[in-house]
Each structure stands twice: as structure tokens, then as C-alpha cells.
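Colleague: Give me coordinates for this.
(chains A and B)
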Amino acid sequence: MKTEKLSKKYTADELAASFVFRNTLTAQQTQDAAKQLAEARKKLQKQHSSQDLLYAGVLQLRYQIEEYINSTQYNAHLSFAYFLRAYIKLSYKNNKDFAKDIHIDETELSQILNGHRDPSEKTLIRIELHSVNMLPALYWFRLLEKEKEYDLETDYALREREEKYVKNRLAFKPLKKKS
Amino acid sequence: MEVIDVKNNTRKKIIIELVEERDYRKITKSRYWFDWNTEKDHLVYKLRLTGSSDILGLMSLIHYEEEKRFAIHLLAVSKENRGKQKAYGNIAGNLIAYACREAVRLYALEGCISLVPKTELKSHYINKYGMLDAGWQLFLEGRSLLNLLRTYDI
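Modeller: Numbering: from 1, shown residues only, chains lettered A, B, ... in the order given. Sure, this is the predicted structure:
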């Protein structure tokens, strides 16, 4: 009844641009709908090209990196190396070939992937170019920053070591919160 | 992600994010058509302009993990953004594209978006969003899904 009211006010095209309505299928229709969809998807999946597969793989990484760098959480697992490994895996059987294609030393790449060395800005740019700008250098840079932020925030040993080098600290007591 | 300001034919940046509990107080039936309180067990997303808290559109998704699929259970654009007099265009398209983004983020090319259309709207969803016909349901997967993401530049 209510939907009829909308149909009088808007054209079908305008409704499709404004709504997805609650489905009113019966139990039997819901069962049939599930079967139909599963069959249609199965048929479609046979037609996926390797190019679409690669494109979707890179897009997936892009969205995952976006999600992570825009969040306030730190996750040690989601490191620069983790995402770079995943990127390389999309189109290479070994790291050596990728290192060759972006003109960096295989050992350097290995050190980056094992977290023993930071990538240079040139390397970040080369990865951006290799991904046809799908994974911008800035995304990779922010992944590195996220690790550095966490390290800086949690390096208590460094704070202890640096204690002795700081004199004449500002002399005030922190304000108490008003109750 | 952007919507079109119809009056000036300019683009405005938007944010799509999960609805928070406090949002439900301002999500009324008169402005967003449905009773959205029934959707609290699902993933409910809101669309707003960057820098504004006003909700321009809502979408409720059901996640079928074992099928690598998100079903669009409900979607509504706010009252003033429907029909010929709308202030902003592409709200529904952006919400559907965002559902596609979530499918790709989790499942790459195997991700799928589906909806059960009203019979009279079926051809319009197909033409507007490039959806594929699976009988009772319409869906986006593979190339069709990637195309929608490209259209909305997500």
C-alpha cells in the first residue's frame, strides 16, 4: 500500500535511483532464488579472465591498505612487508623476478620483506609505477609511518636511555581535571 | 567518492561509514522511508557529505560469508534527494558501489553483491547499475562489479 504511494509520486527509474525495498518472497521462492543465484554465479565464474583476476587482486590490496591506514588501530601483522609480499604474489612466482623488474637488488628486497631495512623513496615510487598507480607511493609510505608511530610510542627503553640528556625541564604541574 | 550537487552541477566529496547507535534517533521513517530499527542486526551504512553529519542515504547489508556475498537488504535515499527535485544525485549508486568495494576488499574477484528487486524495477537496476539477472535476484560479480566500481571511481 505504502509503496503504491511512492509509485504515484516517482517514476520507476527514480525509484530504482532511491530505493531497494524489503523482499517479499515466500519461503519456496527464497529457496528457488538461492539456487538460481548459485547457478548464475557458477556460470559466470568460469568466464573470469586472468586480467580481471589480477585487477581485482590489486584492488583488494588497495582497499585493505586504505582500510588499515585510515584506522586508528595498529596491527603488527599488517606491515609494509605483509602487503608487499601479497602484491608480489599476485603476479610473480618468486621475489627475484620482481626485484629485477623494479631494478633493485634481490638482497635489498629480501631485507625489506624481512623488516631488516626500510625501502627508499625511489622504491616506493617504483612500486607505484609497477602497479599502474593502483597502489600509490603515499599508501606505502603511510604503512611505514604507521609502524614508526607505533615504535616511537612504545619504545620505553629509549625513553629511559634519553632521560639523562634532558635538563631544565618545564616546571609546572599538570592541571587536574575538573570534577 | 562523490555525489552530484544537482543545482550547480558540481561534485561533492562524501563519506560512507557504519551507522552508530546514536544515529538511529535521527533516522526517521518520514525522511528515510523504512523503519531502520529493524536493521540493527545487519551492517547499516550511512552516506554523508565530508564535513557534514546529515545523512543523505542508508543501506542495510547482510553478509553471507560462506557465499562470499553481501545482500542489499534495504536502501533508501533521504526524502529531499529523490525524484526530479533532488538536491544530490548518485547517492544510491555510491552506496551500491560501496557494497561492491566491501565484497572486493574481502573476496577479490569472487565477491558478490545481490538484491531482490521489485518486478517493475528490475530492468531499471539492470540499466542503471549493470546488474545481472539471476531470476528472482539481481547480482554483481566479476566484470560487472568491477565496472560499477570504476563508474563511481571507488
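
Colleague: can you confirm B:Lys7 is in a helix?
Modeller: No. Read with DSSP: H, G, I helix; E, B strand; the rest coil, B:Lys7 is coil and lies in no helix.

Colleague: From A:Asn75, how far off is it?
Modeller: Remark: distance between B:Lys7 and A:Asn75 (C-beta to C-beta, to the nearest Å) = 43 Å. (Glycine included, C-beta is placed from N, CA and C.)

Colleague: what's the answer for B:Arg143, then?
Modeller: Distance from B:Arg143 to A:Asn75, by C-beta to C-beta: 32 Å.

Colleague: Out of these two, name the residue with the larger neighbour count.
Modeller: Between B:Arg143 and A:Asn75, counting by other C-beta atoms under 10 Å in any protein chain shown, B:Arg143 is the more crowded of the two (19 against 11).

Colleague: Quick check on the more buried one: phi, psi?
Modeller: Backbone geometry at B:Arg143, expressed as degrees, to the nearest 10, gives phi -60, psi -40.

Colleague: Which pLDDT value goes with it?
Modeller: The per-residue pLDDT reported for B:Arg143 equals 95.

Colleague: again, but for the one 5 residues further on
Modeller: B:Leu148 carries a pLDDT score of 97 in this model.

Colleague: Can you tell me, leaving aside adjacent residues, what's nearest to B:Val116?
Modeller: Of all residues not flanking B:Val116 in the chain, A:Asn23 sits nearest, at 3.6 Å (C-beta to C-beta, 6 or more residues apart in numbering or on different chains).

Colleague: Helices along chain B, start to end?
Modeller: B:29-32, B:91-107, B:122-129, B:143-151 (DSSP state H).

Colleague: what does the third one contact?
Modeller: It stands for helix B:122-129. Residues from elsewhere that reach helix B:122-129 (C-beta atoms under 8 Å, 6 or more residues apart in numbering or on different chains): A:12-13, A:15-17, B:93, B:96, B:115, B:117, B:131-133, B:138, B:140, B:148.

Colleague: ok, residue 36 - how many residues close by?
Modeller: The chain I'm using is chain A. Neighbours of A:Gln36 (other C-beta under 10 Å): 16.

Colleague: ah, no, chain B please
Modeller: Neighbour count for B:Trp36, taken as other C-beta under 10 Å: 21.

Colleague: Wait, it touches B:Ser60, no?
Modeller: Yes. B:Trp36 lies in contact with B:Ser60 (C-beta atoms under 8 Å); the separation is 7.4 Å.

Colleague: got any residues that touch both of those two?
Modeller: Shared contacts of B:Trp36 and B:Ser60 (C-beta under 8 Å, 6+ apart): B:Val44, B:Leu74.

Colleague: Tell me which of the helices of chain B is the most buried.
Modeller: Counting by mean count of other C-beta atoms under 10 Å in any protein chain shown, helix B:91-107 has the highest mean neighbour count of those, with a mean of 22.

Colleague: contacting residues around the spatially most central residue of chain B?
Modeller: Centroid-nearest residue in chain B, with C-alpha atoms, centre = their mean: B:Leu95, separated by 2.5 Å. B:Leu95 is in contact with B:Ile16, B:Tyr45, B:Leu47, B:Gly57, B:Leu58, B:Met59, B:Leu75, counting by C-beta under 8 Å, 6+ apart.

Colleague: Low-confidence ranges, chain A, go.
Modeller: For chain A, applying pLDDT under 70 flags the ranges A:1, A:179.

Colleague: and stretch B:24-37, how far apart are its ends?
Modeller: The first residue of stretch B:24-37 is 7 Å away from its last residue (C-alpha to C-alpha, to the nearest Å).

Colleague: Check stretch B:17-28 too.
Modeller: End-to-end distance for stretch B:17-28, by C-alpha to C-alpha: 18 Å.

Colleague: Repeat that for stretch B:31-41.
Modeller: Start-to-end, stretch B:31-41 (C-alpha to C-alpha) is 21 Å.
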